[in-house]
Every structure is written in C-alpha cells, then in structure tokens.
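Undergrad: Pasting a predicted model and its sequence here:
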Amino acid sequence: MVLSGEKGELERKSKEYARRRYALTVLGMFVTIGFLVFTAIYLTLPLKGLAEGLVTGYYAQIGVYYVGFCLMFLAVSLPLDFYSGYIIEHRYGLSNQTVMAWAKNQLKSGGLGFAITLPMVEAVYYAIKNYPEYWWIHVGILFTLISVVMARIAPVLILPLFYKSTPIDDEALREALTPLAADAGVTLEGVYKIDMSKDTKKANAMLAGLGGTRRVILGDTLLEKFSNDEIAVVFAHELGHHVYRHIWKFLGVAGIAALVGLYIASRVLGEFASELGFAYTYDIATLPLLLLVLGVFAIIVLPLQNYYSRRLEAQCDAYALEKTRNPAVFIDLMTKLAENNLADKDPSGIIEYLFYDHPTIAKRIDMARRWAAGRHVEMGPKISPSP
C-alpha cells in the first residue's frame with residue numbers, strides 16, 4: 001500500500017496518465033476516420049486499379065486490394081501505436097517490454113488480424129454481390145458466428161500465441177478458491193495463470209472461452225502482488241461473469257449492434273456508391289466507405305455498450321461481495337489495483353460515460369461500503385497476509 005506522503009503524488013500521476021490515455025484514444029479515432037475519408041476520396045480507385053493490373057479475378061483482386069489497404073493503414077497508425085503502446089507505458093513505469101518484444105507482439109497481432117479479416121472481407125463482398133438487398137443480414141449472421149467461434153478458441157489457440165498459460169499450482173491459493181469455484185460450478189482445473197509480467201506491471205484477470213474452453217485467467221502480476229484474500233475477490237468477480245452468462249450477453253449485444261451498423265452501411269452504399277464514382281456496390285473500392293460508416297457507428301454506440309458493460313461489471317462486484325463477504329478486502333483490493341495500474345479512481349462523469357467499461361474505482365469502493373452498511377457486515381481486517 002502506498003504511504004500517505006506519497007498519495008498526492010500518485011493521484012497526480014494517475015490523473016496525468018489517464019488524461020494522456022484518453023487523448024491518445026480520441027486521437028486514434030480521428031486518425032482512423034481521417035485515413036478512411038482520405039482513402040475513400042483519393043486513394044481507393046488508384047489502389048483498385050493497381051490490384052486489377054496485378055491479378056485477374058474478382059476475389060483475387062479483393063485480396064490484393066486489401067493487402068495494399070492494410071499496408072497503408074499500418075504506415076499511418078504505427079507511429080501512434082508505438083507512442084501509445086510503448087513510449088507512454090515506459091514513461092509511467094508500467095511496461096517491462098523491450099522494443100523488440102513490442103515489435104514482435106505487433107507482428108503477431110497484425111498477422112493474426114489480417115489472417116482473420118481477409119476471409120471476412122472476401123465473404124462480405126461475396127454477400128454484397130450475390131445478395132444485394134439483404135447482404136447485411138447474411139454478413140451480420142456471419143459476424144455473430146465468427147464471434148462465437150473466436151470466443152471459444154481464444155483461450156486455447158490465440159492467447160497462447162502471446163502468453164504462456166499454466167494451471168495455478170499454489171496450494172494455499174487453491175484452497176482459498178475451491179469453495180468459490182464449487183459454488184459456481186467451476187473446477188480449479190479451469191483456472192490458469194499467464195505470464196503478463198514479461199510485458200507489463202499492471203495486474204489483471206479475465207473470464208474467457210465458451211463450453212469446454214471456459215476458464216478463469218489470472219495474470220502472474222496479480223498473483224505476485226496481491227494477497228490470497230484479494231485474489232479470491234478477483235476470482236469471485238470473474239466467476240460472476242460465468243454465473244450470469246455475461247460472455248453470451250456481450251456476444252448478443254455485439255451481434256445486434258453489428259446488424260444495425262451493417263444495415264445502415266447497406267443503405268449508404270446503395271444511395272451513394274454511384275454518386276461517389278464507384279461502378280457498383282460490390283466494387284472493392286467501396287471498402288473505405290463501408291468501414292467509415294461502420295467506424296462512425298461504432299463510435300456513436302460505444303458509450304451505450306460501455307454503459308451496459310458497467311452494469312454487468314457492477315453485478316459481478318456484488319456477486320464477489322456476496323460470496324466473499326469481506327468488504328474491507330474488496331476495498332483494499334480496489335485501492336491497490338488503482339495504485340498498481342495507475343488508474344484514475346474518480347474521473348469526471350463525461351469521461352466515465354465515454355471511456356469506461358467498468359465502474360470507476362471510487363464507485364466500486366462506495367458500493368462496497370453501502371453493501372456492508374446494508375447487511376450490517378463489519379469492515380474487518382484481511383484474513384491472510386499479503387505474499
């Protein structure tokens with residue numbers, strides 16, 4: 001825990017770090033939207049012409065076009081990605097990565113993203129060409145199915161590309177977590193730790209996977225810096241996502257949002273494709289316009305999705321308090337997480353509305369105090385010492 005004399009400086013540093021993250025997030029949105037607008041107006045038709053000159057066949061030309069499109073976006077976004085993901089994190093003492101490690105992760109994530117999105121782009125334009133009136137329904141269904149598949153395979157095929165994942169082996173911790181897991185219908189064979197510390201000093205945990213791949217994942221940074229009682233609270237929170245089926249709810253909301261966004265995109269393409277100089281709606285040169293519409297729509301609905309996410313996260317906080325029944329540990333955990341991760345504990349309402357998919361630390365602490373008062377639970381000390 002931070003000493004009282006350091007608290008003011010830590011809060012100042014947390015506020016400063018948060019302001020920079022917010023600014024970089026907004027700047028990233030403007031860079032992406034600006035790139036799409038500029039490409040749609042000036043670059044897409046020459047890029048299409050280049051693809052047509054290199055290969056024959058509609059779908060081969062889509063592939064060549066998409067490679068060129070991705071390379072252009074990489075050139076535009078890479079400086080900001082490096083500043084945001086490497087320089088800022090090192091400046092505030094939150095990163096353990098070397099430049100080479102950062103670059104390796106970027107190559108892996110970029111290559112994986114390209115391998116997943118290229119077939120999707122091909123499928124989208126197949127649907128636009130063959131089902132011109134209702135392509136958005138076909139693509140929306142495809143997006144939902146792919147999201148379900150990705151959620152299922154993520155912890156067993158994708159996460160291991162970036163982090164080593166092993167079952168937890170601390171017997172004392174296993175004893176602390178066993179009753180919570182049993183109550184939620186989860187076995188401890190489904191609880192893993194990952195070596196986050198090779199990249200970051202931040203502590204985190206998550207629930208991932210569907211069906212047989214469902215598991216709770218704890219970062220080694222969390223396991224090393226927090227007591228067993230505090231880890232049990234985190235674990236109970238993640239179990240709440242399992243008990244309340246939040247992964248399926250998130251997938252459902254994302255599927256509905258995608259369907260609405262695709263419908264809007266279909267109307268825009270239908271109305272403006274020819275006016276903007278495109279031969280037909282399934283012209284691959286319409287890709288920047290399609291992504292622009294979807295991107296703007298995503299920005300508009302993001303605060304609503306964040307609001308929904310905050311409600312689900314608050315539900316899991318309440319679940320964790322009910323199962324551990326130690327609000328003092330919960331509050332201590334939140335305070336330490338804020339200190340460790342340089343989280344802004346009490347941002348303005350507009351910042352919370354725009355950027356936060358979890359309740360603020362201040363609200364989570366206040367909820368724990370109200371929970372304790374409502375149930376007449378004493379704010380007792382932690383049960384076990386920190387490691």
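TA: Looks like it came in fine.

Undergrad: Tell me the buried residues in the lengthiest helix in the chain?
TA: Taking residue count as the measure and DSSP state H as the definition, the longest helix of the chain comes out as helix 287-324. Of the residues in helix 287-324, 287-297, 306, 309-310, 312-317, 319-321, 323-324 count as buried by neighbour count, 16 or more other CB atoms under 10 Å. Bear in mind the C-beta positions are built from the backbone N, C-alpha and C, glycine included.

Undergrad: buried stuff in stretch 22-41?
TA: Along stretch 22-41, these residues count as buried under the neighbour rule (16+ other CB under 10 Å): 24, 31-32, 35-36, 39-40.

Undergrad: does Lys193 belong to a helix or a strand, and which?
TA: Using DSSP states H and E, the element containing Lys193 is strand 191-194.

Undergrad: Residues contacting that strand, please?
TA: Contacts to strand 191-194, defined as CB atoms under 8 Å, 6 or more residues apart in numbering, come from residues 155, 159, 163-168, 177, 181, 215-220, 223, 235.

Undergrad: Can you tell me which of the residues you listed are classed as buried?
TA: Listed as buried from those are 155, 159, 163, 168, 177, 181, 215-220, 223, 235; burial here means 16+ other CB under 10 Å.

Undergrad: Now tabulate those residues in TSV and tack on secondary structure.
TA: Converted to TSV, the buried ones among the contacts of strand 191-194 look like this (DSSP: H, G, I helix; E, B strand; the rest coil):
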residue	secondary structure
Pro155	helix
Leu159	helix
Tyr163	coil
Ile168	coil
Leu177	helix
Ala181	helix
Arg215	strand
Val216	strand
Ile217	strand
Leu218	strand
Gly219	strand
Asp220	helix
Leu223	helix
Phe235	helix
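
Undergrad: ok, so of those, who is nearest Thr117?
TA: Ranking the buried ones among the contacts of strand 191-194 by separation from Thr117, with CB to CB as the measure, puts Leu159 on top at 18.9 Å.

Undergrad: give me every residue that touches that closest one.
TA: Leu159 makes contacts with 165, 194, 208, 217, as judged by CB under 8 Å, 6+ apart.

Undergrad: With Thr98 as the reference, measure out to it.
TA: Between Leu159 and Thr98 the distance is 21 Å, computed by CB to CB, to the nearest Å.

Undergrad: Next: Thr56.
TA: Shown here: Thr56 relative to Thr98, a distance of 44 Å by CB to CB.

Undergrad: Who has more neighbours out of the two?
TA: In terms of neighbours (other CB atoms under 10 Å), Thr98 is the more surrounded of Thr56 and Thr98; the figures are 12 against 8.

Undergrad: Just want the phi and psi numbers for that one.
TA: In terms of degrees, to the nearest 10, the main-chain angles of Thr98 are phi -90, psi 170.

Undergrad: Same question for Ser95.
TA: Taking degrees, to the nearest 10 as the convention, Ser95 sits at phi -110, psi 140.

Undergrad: for Tyr280, same thing?
TA: Tyr280 adopts backbone torsions of phi -160, psi 170, taken as degrees, to the nearest 10.

Undergrad: follow-up on the earlier one: Leu45: which of the contacts of Leu159 is nearest?
TA: Ala208 (41.9 Å).

Undergrad: what about the closest residue to the closest one other than its chain neighbours, distance to Pro303?
TA: Distances taken as CB to CB, 6 or more residues apart in numbering put Pro155 closest to Ala208, at 4.3 Å, once the chain neighbours are dropped. Pro155 is 29 Å from Pro303, where distance means CB to CB.

Undergrad: repeat for Asp317
TA: Between Asp317 and Pro303 the distance, using CB to CB, works out to 21 Å.

Undergrad: Next: Arg364.
TA: Summarising the geometry, the distance separating Arg364 from Pro303, computed by CB to CB, is 19 Å.

Undergrad: still on that earlier bit, what does the helix or strand just after the longest helix of the chain rub up against?
TA: For helix 287-324, the following helix or strand on the C-terminal side (DSSP H and E) is helix 327-341. Contacts of helix 327-341 from elsewhere in the structure, counted by CB under 8 Å, 6+ apart, are 1-2, 10, 14, 94, 201-204, 221, 225-227, 229-230, 232-234, 317, 320-321, 324, 343, 345, 361, 364-365, 368-369, 371-372, 377, 379-383.

Undergrad: Just the buried subset of those residues, written out for PyMOL, thanks.
TA: Command for PyMOL, covering only those of those found buried under the criterion 16+ other CB under 10 Å:
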select buried, resi 14+94+201+202+203+204+221+225+226+227+229+230+232+233+234+317+320+321+324+343+345+361+364+365+368+371+372
